[in-house]
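Peer 1: here is the input, now give the coordinates:
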Amino acid sequence: MSSPSRQVSSRTRRRDESGVAVPSPVVLLSVAAVIAAGGAFALTSGNASDEVKVPIASPETVAPTPSATPTATPSATPTKKPKPKPKINRGKVYVEVFNNSGITGLAGRTAAKITAAGWQVVGSDNWVGNIPADTVYYPTRLKAEGKQLALDLGIDRVKVAVEPMKGDRLTVILTG
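Peer 2: Next comes the predicted model:
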């Protein structure tokens, strides 16, 4: 058991609270910013008599001064350089042509037209499925080539290739 003289309640125990409270860096920075703003205001707000007054001439009294070199007038909008179009080597791009219509020989005739335009046709066949319009499908890396083939054929619909289309060639599906 402990003696009563050694027990000190927490209420009667005194803490040593001497010391200096240091303000946080945010407070110090805020005070410095206020002082700097006040100084800047005091320096920039002077008498109106210190200002130099320049008379503004009317358009009739101003004579243009000839310059030795012409100056370019900056345009309101910056001009964008057009992106260089990728060079398409039609002979190195594989193309498959599929007929999704009831027209016999449509894929073969279109394949001949594509070959005549310089593309490398590697096959033609019938397509089973529901395609709403003539479409050129391309794998991601052949996007520009797909758009060019669509232009060559007069096809408006160009889409990213889907399964079971091959990822190394363009696929043309004709609907009639």
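
Peer 1: number of residues surrounding Ala117?
Peer 2: For Ala117, the number of neighbouring residues by other C-beta atoms under 10 Å comes to 14. C-beta coordinates here come from the backbone N, C-alpha and C atoms, glycine included.

Peer 1: that one and Val26, how far apart?
Peer 2: According to C-beta to C-beta, to the nearest Å, Ala117 stands 70 Å off from Val26.

Peer 1: looking at the protein, which helix or strand is least sure?
Peer 2: Least confident helix or strand, the chain: helix 25-44 with a mean of 80, by mean pLDDT, DSSP states H and E.

Peer 1: quick one: low-confidence parts of this structure?
Peer 2: 1-23, 45-78, 83-86 (pLDDT under 70).

Peer 1: show me where this protein has helices.
Peer 2: Per DSSP state H, the chain has helices spanning 25-44, 106-116, 143-153. These are given in chain order.

Peer 1: contact partners for Gly123?
Peer 2: When contacts are counted by C-beta atoms under 8 Å, 6 or more residues apart in numbering, Gly123 touches 96-97.

Peer 1: bridged to it, which residues?
Peer 2: For Gly123, the beta-bridge partners under DSSP bridges are Glu96.

Peer 1: identify the residues contacting stretch 145-162?
Peer 2: Defining contact as C-beta under 8 Å, 6+ apart, one finds that stretch 145-162 is touched by 88, 90, 93, 95, 110, 113-114, 117, 119, 132-140, 167, 170-172.
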